Every structure is written in C-alpha cells, then in structure tokens.
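Asks: Here is my input, please return the structure:
(chains A and B)
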There are 2 protein chains.
Amino acid sequence: MNLLYAQSGGVTAVINATASAVIAAAREHPERIGTVFAARGGILGALAEDLIDTRALDEEDLARLARTPGGAFGSCRFDLPDEAANPRLYDRLFAVLAAHGIGGVLYNGGNGSMDLVVRLSAAARRRGYALVTVGVPKTVDNDIVGTDCCPGFGSAAKYLATSMREAGLDIASMAGRKGSVFVLEVMGRNTGWLAAATALAAGDDPDMPPHIVLVPEVPFIEEDFLARVRDVVERLGYCTVTVSEGIRGPDGIILMEKSHDEAGHVQLGGAGLAVARMINGRLGYKFHWAIPDYLQRAAAHWVSATDHAQAMALGRAAVAYVLDGRDGMMPAVRRLADEPYSWDVVPVGAAAIANLERSLPAGFIAADGLHVTAAARHYLQPLIEGELPVATVGGLPDHRPLRVPLTGKRLPPWEA
Amino acid sequence: MNLLYAQSGGVTAVINATASAVIAAAREHPERIGTVFAARGGILGALAEDLIDTRALDEEDLARLARTPGGAFGSCRFDLPDEAANPRLYDRLFAVLAAHGIGGVLYNGGNGSMDLVVRLSAAARRRGYALVTVGVPKTVDNDIVGTDCCPGFGSAAKYLATSMREAGLDIASMAGRKGSVFVLEVMGRNTGWLAAATALAAGDDPDMPPHIVLVPEVPFIEEDFLARVRDVVERLGYCTVTVSEGIRGPDGIILMEKSHDEAGHVQLGGAGLAVARMINGRLGYKFHWAIPDYLQRAAAHWVSATDHAQAMALGRAAVAYVLDGRDGMMPAVRRLADEPYSWDVVPVGAAAIANLERSLPAGFIAADGLHVTAAARHYLQPLIEGELPVATVGGLPDHRPLRVPLTGKRLPPWEA
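Replies: Residues are numbered from 1 along each chain as shown, chains lettered A, B, ... in the order given. Here you go, the predicted structure:
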C-alpha cells in the first residue's frame, strides 16, 4: 500500500521533522509500504489530486527537511463536513485514495484535525474501503487533550522565553525614574500555554522578566493589572508583561485595540498594543511592545531539542500505527518522569480528543491571576531543553526549497 | 590613571562584548591603567557618581558579559549641553572624574554620542584637565559616518534576515487562492539598513521572501506599492514585505497607524500595522504582521560572529587609543576586501562625524524603490556571517546578572 501524509492548520518549527520521520520510517518497510505521497497544501491538495511523490527526496533532503520551519508540502485550514451533507466530497476523496493505492492516511494537525481523522475513518468503514487513518499531533498552542505536550510547542516556548529574557535585559538597561514598560504579545487565542512558558525566563526570581503574565484563562481586570505594573515599576524602574493574544475582560469580550482607519471602519489590533497603550494612558510610562507573530512558530534556528525529538518520534510512531492497523488513533507523548525528564509514546483514540481543548490547569495560574506558578514552570521546563546545531549558508539557516514533483494525475479535475 | 566606560543610547546584542573587551584590554596594562569604572546608567550615572568597579569581574564573568545582550551597566539617552549653557554640569562631571583619578573616558554610542566625545574633549582642554576621550561606535541602525559598519548592526541584520526567511516559509505553506500577506516592521527611523538586510534572505531569487522592502530613504507611494503586492500575490499566492518603522509618504510625513483611544486621543501605531491594514483594506488579502521591536537588537542567541568580533576589536582599539593619547577619536571598521571579507580598525575624528547620519546609498536601492540592489546585498552579506556557540542553562541562554559593586562616593550628591 501507499501512504498519504497531509499537514493541517497552522504550521510549526518542527512539523517538517514529523514529515521527515514519517517518510524515513515508511522506507524501512519496503515490503509493506510503497510510496509516501504528501498532499500539496493539505487535504485540499488531496481533493485536487495534487500529490507530491516523496521518493524524490534523498537522505540529505530528509535531514534538511527535518530542520526546516513552515509546512514544506503546504497546509490549509479545512474542516471536513459530515458525509451526509456532502457525499460528493467524500466520493472524490476516496477516488483519489483508490486511484493511488493509498491504504494509510497520516493527518498531522491539532484538535480540529483529529475530527477529520474520526470522520475519514468512519467513512472508510461505511464504504468498505480498507484504510487506516492515523492522527499525528502538532500545534504551538499545546492544547491537544490526551498528550502531555504537543510537537511545536516546546520550540515556540523556548523561542519566547529566550526572547523575553533577552528583551528584558534590553529594557532593564534603559530603566530610569520615568518608568518604562515592555509588552510581549504571544499566540494563544484560548489558552495561555505559550504565555506561561515565558515565565521560564524568570525562574523563581520575582524581579526578573516577565514580571506579569496574562493568560486567556483569567479575566483581565484592568485595575488589578495596572496596580501591579505600578508596583513593579516603582521597585525596578521598568516592568515586562507577557500577554496572550486572546485575553478577555470580565465580560468575556476579547481585549483588543479598537481603532478607526481613515474611512471610519473599526479595525482590530492586538491585545499587546491595547495593554501597552492602557499602561501609557493610565500610568504615563513609556512603552515598547513586540508581536513576534509567525516568528514564534517558525524559529527553526532555535528549536528545543526535546520538542524536535518528540516530533520525530510521533511521526515514526504514526507509521507503526498504520502498519499495526490502529485505525483512528493518534500517538501521544506520555511523561514518565520530570527529573531527569523521560517520556514515551502511547496511542490515544482520536474520537476521545477531537475538538476538545486543553486549558492551563488552575494549579498553574497564580492566585492573583497575574503570573503562573512553580508547578507550571516545573511542567514546562523540560519541554524547552536542548539545542541543535544549525546548518547555515552565508550566515542564514539553510532552508533551500525542496524540489519535489507531483505524481501524475489519474482523475478528472475536481470542482468543489 | 583610571578609566571611565559608559554606554549611551539604545543598546545592542553585542555592546557588552565591547565592554568586556575594554575591561580585558585595560587589564593588560597594569603599569598605566588602574581601575576601569563603568558608569551605571550611562553618563547620568557618572554625574550621580554611580561608578561600578569592574575589578569585581573575573575572567569567567567577562566571558559571560561578552555574550549578554542589553547594556550590562545601564545606558541612557542624554545630550550634553553646551558648556556655556550649563557650566555647573561640566563642573560636576570633572569633579567626578578628578575624584576618581579618571584620565580616560570611553563613550560607547552612536551619532549623538560622538557629539559628547567632542564636547567633553574640548571642555577638558579648556579646563586644563588631562583627559583622553575616545568614542566607541555601536548602533543597530548602522548609520554612523566614517565606519564601514557599526557593531550591533550585523547581529540585528542576521536576526531579521533569519526571521524573514523562517516566517516566509511559514506563510508560504498556507498560501492559497485568497492571498495572504506578511509584514515585518523593523527598526530604522531615518535609514533603511536593517530593512535592506532582510533582503539577504531572498538572495537573488525574486520569488523568495522578502518580496518588497520599504525604506525611509524612498517616499512611500501607496499605488505603486499596492500594485506590486497584487502582482506578487497573483504569482505566488502570498507576499512578504519588510517595512522600516520610519517610512514616509511623498509629503514627508511618517506613515503610521492613526487611531483613537477611548478618550479620543490620537495614538501612534507602527508603520507595519498601517501597511498591513492598507493591504487588507484595499486588496482584501488576509494579513499577519510582526514587530520584533527589542527582540531584534537583543537576540544574543543568534549573533553574527563577524559583528561580535568587530565589537570586541573596537573596544580593544579604544583602550589603545586612550593609551596613545588619541583624544577625540573613534575606532572605525575599514573594509579591506569583500571576498574573502577582511577588515581592520582605523581611527576617525569624532568631530568630523558627530550628529551626521549615513543613509542607504542610492545604488543600494532598486530603481522602483520597492527593494534593494545586488550591490546592497554584496555590502551586507559578510556582516551577518558566522555563528557562535550559546551557553545555556535549562534550555535558555545563560544571562545570570553580574554582581558588580559601586565604588565608594567621594562627593556630595548631585542635584541637576
């Protein structure tokens, strides 16, 4: 049988490590697995029959792929509808699978992607199509239920904690009597895992950046927050704040910069800018703010070796699950010990975790809601550990694009 | 004699490398140099007689200092007034110098700081105070006249070019028919050196990020810019743009996000946000934007080895200049050859360069004003080359604060 590998949703610094491991692991079973096809641009590419033939990648390509950020084969955001609502779409998908002899699908994504695993698995059973569908976790948000952590998170966490430590030293050197504030806005619409990770920069020293960590799990109370900012500035001359993009007020409405463009349209800005301007407006402190945006999930030059190893291990495990016929399962990370950190890979059912979302546990959030606890740091610490050498060309990471051909089409064009 | 070392203005990822080199070089001359004092918080610290005794730093501390971002002794923004306008201030400054036996001042800063070098040097001559004042260049803006490049720039340039390459791979993997845009706002109020440096990520491939580079040297023409964005999106499905924070319209007014807070006050946002929203509003493409802010000048985890070596060499040269009595001079980098890159250090007079600003030469800017030329890349390329190992603790760069004592005060408190 051949395999289909597809990337889904937002990409990470290590999703291609998983892809590389999937391809390498499949090659170890030439008696059972023929070609690994990669869907170009995610599941929409599969529907379009845009299938990349990964046999063109040699060992060196695979090694380089494993260290390249972004989704090398392309990704997309697409929720598979109910089969009853759109049987044509399912007909097409199975026609593509059949036309290319695909007996295993490995779907590399987050919470929503596990829903596709469940739907595809059920559809194959209904149709009597012999298919093993396996989910492979990835997300910088670390919000997939059933796994101790998610590939992509540890590297983004390491990048953001490093950034807060570095930027904190910068603003500290300029601290003066007038007070200054630095706000770092990080990803996390609904969960504060990435914001919490910046607390690793401070360790257990309350005077070290970040001095305040705001997460979506806690309603944002302006007065409490500003009082804390003032306290920190009066003690240190400056204050650093990590803000999850998704923090909300007590009314449940997401905090944002409301502003008007020249035509009078309301535009949405970021929570970081809103918080920074609030501080400036209410307390008068100078402010800087940073929004790393894609940089935080693409920083392959500074990945966590732990995260990278897990991304590879989960890719390899997913191939093993296909070979073992573990339909509808997802390999997950299980933590065996904190110190020294050890972990293994265990299967969890995609149906039990699809579309759920794991928030920060209450015990990870400080009582005042303005920082995280030692328990949070204890959990997070091993996930950012270890560095990997970076291959460079001319002072920049070597991310020359892979040259991979599409396999020949055997079906008429698809019209959605 | 003793020396006074002070950091001025915005800090960089390698300014402490210069500081470390100054201290180490001074120690090689125990017969002529006693103590290197570091002004705490820049020249304002000198006025306050807040002098750090760097003898407390051992070899290991100096090695760590050389890899720590920010200004380890503190910096400030302060322009020395005319002596005639404020003789009391000069009286105080020379009283501090005299009280601590200081015969050499090393002032580590940018264009404005060279003005202080000139003023202090002249004041010492007028007063008959035996002082050698030497400037030491640093700025991420790369805008100091008389030197081929400025310490701090190469590392920020490497960080930003790497970030554009990485984020470019991220957005490319999500590119679709609807079009998406990524805007990276970089530092540069008046000059486009840092923006230009991101072009190193593309090399000579017009399809690689960044597809457009906007610099303050070129008036921003909205229609030309939007036409180019549309062209790129129609060809590739996405477009990446680097924007200097200081780009201006044809009217010379800085482009910015004008918005209103709840009280109706006009607030200034960034050029990157303004450009991103313009694209969204006029062309309808989805957008992401990143503002690395301090992160770009503090990224000690990814410094340019070339930049770091130059920061050290200029610090060492500054000490040699003090010993040689080269009052009012600044060590500068002279480029000897492009390939293989070679350079040495030469003295330039601070008076000839103070308060000037070096813009991108016309030959570095593409004819259409929307990118930079091969000549620009040729100049920039060697400045970002080379990587240094990073000492880490728990997965983060080891930047434990230095414990350095203030020397005892010998003067009454200063009241400005």
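Asks: touching chain B at all, stretch A:280-299?
Replies: Yes: using Cβ under 8 Å from any Cβ of the partner chain, we find that stretch A:280-299 touches chain B at A:281, A:288, A:289, A:290, A:291, A:292, A:293, A:294, A:295, A:297, A:298, A:299. C-beta: built from backbone N, CA, C; applies to glycine.
Asks: Please disregard the earlier target; I meant stretch A:224-239.
Replies: No: using Cβ under 8 Å from any Cβ, stretch A:224-239 stays clear of chain B, with a minimum separation of 9.4 Å.
Asks: re earlier: using neighbour counts, give me the buried entries of the residues of stretch A:280-299 next to chain B.
Replies: A:288, A:289, A:290, A:291, A:292, A:293, A:294, A:295, A:297, A:298, A:299 (16 or more other Cβ atoms under 10 Å in any protein chain shown).
Asks: Looking at the residues you listed, which are in strands?
Replies: A:288, A:289, A:290 (DSSP state E).
Asks: hmm, back to that, out of the buried ones among the residues of stretch A:280-299 next to chain B, which comes closest to residue B:42?
Replies: residue A:288 (18.1 Å; Cβ to Cβ).
Asks: Domains in chain A, by residue range?
Replies: A:2-151+A:300-357+A:388-397, A:153-298 (automatic domain parsing).
Asks: looking at those, which has the lowest confidence?
Replies: Least confident of the domains of chain A, judged by mean pLDDT, is domain A:153-298 with a mean of 91.
Asks: State the distance spanning the first to the last residue of that domain.
Replies: Chord length of domain A:153-298, first to last residue, is 11 Å (Cα to Cα, to the nearest Å).
Asks: Next up, phi/psi of residue A:185, please.
Replies: phi -90, psi 130 (degrees, to the nearest 10).
Asks: scratch that, residue A:332 is what I was asking about
Replies: According to degrees, to the nearest 10, residue A:332 has phi -130, psi 160.
Asks: is it true that it touches residue A:347?
Replies: Yes: taking Cβ atoms under 8 Å as the definition, residue A:332 is a contact partner of residue A:347 at 7.2 Å.
Asks: Between those two, point out the one with more neighbours.
Replies: A direct count of neighbours by other Cβ atoms under 10 Å in any protein chain shown for residue A:332 and residue A:347 places residue A:332 higher, at 23 against 18.
Asks: May I have the secondary structure class of residue A:169?
Replies: What DSSP: H, G, I helix; E, B strand; the rest coil gives for residue A:169 is helix.
Asks: I'd like to know how far residue A:270 sits from chain B.
Replies: For residue A:270, the distance to chain B equals 9 Å [Cβ to the nearest Cβ, to the nearest Å].
Asks: Leaving out chain neighbours, which residue sits closest to that residue?
Replies: residue A:185 (5.1 Å; Cβ to Cβ, 6 or more residues apart in numbering or on different chains).
Asks: got the contact list for that neighbour?
Replies: A:243, A:244, A:245, A:270, A:271, A:272, A:273, A:289, A:290, A:291, A:292 (Cβ atoms under 8 Å, 6 or more residues apart in numbering or on different chains).
Asks: one more time with 7 Å
Replies: Residues near residue A:185 by Cβ atoms under 7 Å, 6 or more residues apart in numbering or on different chains: A:243, A:245, A:270, A:271, A:272, A:289, A:291.
Asks: closest to residue B:125 among the ones in strands among the buried ones among the residues of stretch A:280-299 next to chain B?
Replies: Looking across those and measuring by Cβ to Cβ, the closest to residue B:125 is residue A:288, at 39.2 Å.
Asks: beta partners for the closest one?
Replies: Beta bridges link residue A:288 to residue A:182 when assigned by DSSP bridges.
Asks: where exactly do the helices run in the stretch 151-300 of chain A?
Replies: A:153-173, A:193-197, A:222-236, A:271-283, A:294-298 (DSSP state H, counting those that start in this stretch).
Asks: Who are the packing partners of the first one?
Replies: The one in question is helix A:153-173. In terms of contacts (3 or more Cβ pairs under 7 Å, 6 or more residues apart in numbering or on different chains; DSSP states H and E), helix A:153-173 is packed against strand A:180-186, helix A:193-197, strand A:238-244, helix A:294-298, helix A:305-323, helix B:294-298, strand B:396-397.
Asks: Output the second one as CSV, nothing but the C-alphas.
Replies: What follows is helix A:193-197 as a C-alpha-only set of coordinates in CSV (Å, rounded to 0.1, in the frame of the first residue of the first chain):
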residue,chain,number,x,y,z
TRP,A,193,0.4,27.8,27.4
LEU,A,194,2.8,30.0,25.4
ALA,A,195,2.4,33.0,27.7
ALA,A,196,3.1,30.7,30.6
ALA,A,197,6.3,29.4,29.0
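Asks: which residue sits farthest out from the middle of chain A?
Replies: residue A:177 (39.7 Å; Cα atoms, centre = their mean).
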